[in-house]
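S.K.: got a predicted model here, sequence first, then my questions.
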Amino acid sequence: MSTATLDKNDSAGPVDSAENSASHLITLTLRIRRFNPEVSEDAQWQDFTLKIDPKDRVLDALHQIKWEQDGTLTFRRSCAHGICGSDAMRINGRNRLACKTLLKDINPEKPITVEPIKGLTVLKDLVVDMEPFFQAYRDVMPFLITNGNEPTRERYQSAADRERFDDTTKCILCAACTSSCPVFWNDGQYFGPAAIVNAHRFIFDSRDEGGEQRLEILNDRDGVWRCRTTFNCTDACPRGIEVTKAIQEVKRALITRRF
Ligand code: SF4
Ligand code: FES
């Protein structure tokens with residue numbers, strides 16, 4: 001049986017490693033747009049200074065503030081890995097996912113601004129009311145529609161047919177696109193890019209038979225024709241979806257009725 005022993009060098013190890021990890025830390029300021037309707041009708045900026053590893057993400061900084069400085073700071077997050085879409089926010093004026101944004105990539109020498117996404121009612125701090133966004137999503141019927149009897153075997157689809165809507169299957173419903181759209185900011189009635197992306201996903205699916213219905217829904221005055229092709233949505237999408245291209249394809253399908 002062997003017995004572990006500590007010599008001088010071993011005992012110095014943990015101290016060294018603690019000092020090394022501390023040496024990675026930088027001091028940064030997060031400037032957060034705060035709003036609490038129970039306290040004030042007005043939103044205001046609040047600065048938080050913290051020591052943090054620049055390789056950490058904005059979400060880690062928000063957690064550190066919530067856990068160590070101000071437990072009332074309110075924001076959504078779930079997966080912390082770019083999958084659930086719940087932590088879209090405006091970081092340095094641009095829509096991003098907090099869990100996918102490294103501090104070192106957004107100039108941590110200057111105060112980093114964090115605000116709620118635009119065009120949706122702010123409920124508290126960084127949390128907005130997502131209901132209008134999800135209502136538009138529900139309105140385009142984002143599910144497979146088929147007529148007739150259930151098939152007795154799987155519905156075949158060629159690789160080429162699958163490819164036609166591959167890009168739009170990647171949506172995580174984060175609302176970064178819709179809330180970056182100036183048309184949506186104006187009155188909030190426009191369906192918005194995310195709903196159109198999710199309609200596209202089924203309109204161009206060769207197994208689906210509800211394309212005409214979805215196109216009629218999007219032919220509405222608040223549908224695709226409100227798009228002004230500003231490309232904000234494509235720039236904002238954390239999944240790299242070519243949102244503007246998908247909207248253009250839906251417009252074309254409406255004109256040609258070929259999809
Ligand atoms: S299209 Fe992109 S930005 Fe828009 S909701 Fe889907 S994942 Fe988010
Ligand atoms: S927390 Fe899920 S996408 Fe960021």
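M.R.: Everything's here; your move. Numbers count the residues shown, from 1 in each chain. Ligands and ions are numbered 1, 2, ... in the order given.
S.K.: okay, now the unreliable bits of the stretch 101-250 of the chain?
M.R.: Scanning the stretch 101-250 of the chain for pLDDT under 70 picks out no residues.
S.K.: so which residues of it form helices?
M.R.: Secondary structure of the stretch 101-250 of the chain (DSSP state H, counting those that start in this stretch): helices located at 131-139, 159-163, 182-187, 193-203, 211-218, 232-236, 243-256.
S.K.: so which of these is the most surrounded?
M.R.: helix 193-203 (a mean of 27; mean count of other CB atoms under 10 Å). Where you see a C-beta, it was placed from the backbone N, CA and C, and this is true even at glycine.
S.K.: alongside ligand 1, which residues does the stretch 101-250 of the chain contribute?
M.R.: Residues of the stretch 101-250 of the chain lying close to ligand 1 by CB under 6 Å from any ligand atom are 171-177, 193-194, 197, 236-237, 239, 241, 243.
S.K.: unless I'm mixing things up, residue 203 is touching residue 215, no?
M.R.: Yes: Residue 203 lies in contact with residue 215 (CB atoms under 8 Å); the separation is 6.7 Å.
S.K.: identify the contacts common to the two.
M.R.: Counting by CB atoms under 8 Å, 6 or more residues apart in numbering, the residues touching both residue 203 and residue 215 are 250, 253, 259.
S.K.: now distance to residue 84 too, for those residues, in TSV please.
M.R.: Listed next are the shared contacts of residue 203 and residue 215 as TSV, based on distance: CB to CB, whole Å:
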residue	distance to residue 84
250	26
253	30
259	30
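S.K.: all strands in the chain, in order from the N-terminus.
M.R.: Assigned by DSSP state E, the chain shows strands spanning 26-34, 44-52, 88-91, 94-97, 112-115, 122-124, 127-128.
S.K.: looking at the ones you listed, which one is packed in the most?
M.R.: Ranked by mean neighbour count, with mean count of other CB under 10 Å as the criterion, those are topped by strand 88-91 at a mean of 24.
S.K.: now do that strand: distance to the chain's middle.
M.R.: Its chain's average C-alpha position is 8 Å from that of strand 88-91, according to CA atoms, centre = their mean, to the nearest Å.
S.K.: so for that strand, mean pLDDT?
M.R.: Average pLDDT, strand 88-91: 98.
S.K.: which outside residues touch that strand?
M.R.: Contacts of strand 88-91 (CB under 8 Å, 6+ apart): 58, 75, 95-98, 101, 106, 112-118, 126, 174-176, 179, 238.
S.K.: that one pairs with which strands?
M.R.: strand 94-97 (antiparallel), strand 112-115 (antiparallel) (DSSP bridges).
S.K.: mind exporting the last one as PDB, just the C-alpha atoms?
M.R.: Included here for strand 112-115 are C-alpha records, laid out as PDB according to Å, rounded to 0.1, in the frame of the first residue of the first chain:
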ATOM      1  CA  ILE A 112     -20.500  46.600 -21.800                       C
ATOM      2  CA  THR A 113     -24.200  47.600 -22.200                       C
ATOM      3  CA  VAL A 114     -26.900  45.000 -21.700                       C
ATOM      4  CA  GLU A 115     -30.500  45.800 -22.500                       C
END
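S.K.: among the strands of the chain, which is nearest residue 63?
M.R.: strand 44-52 (10.1 Å; CB to CB).
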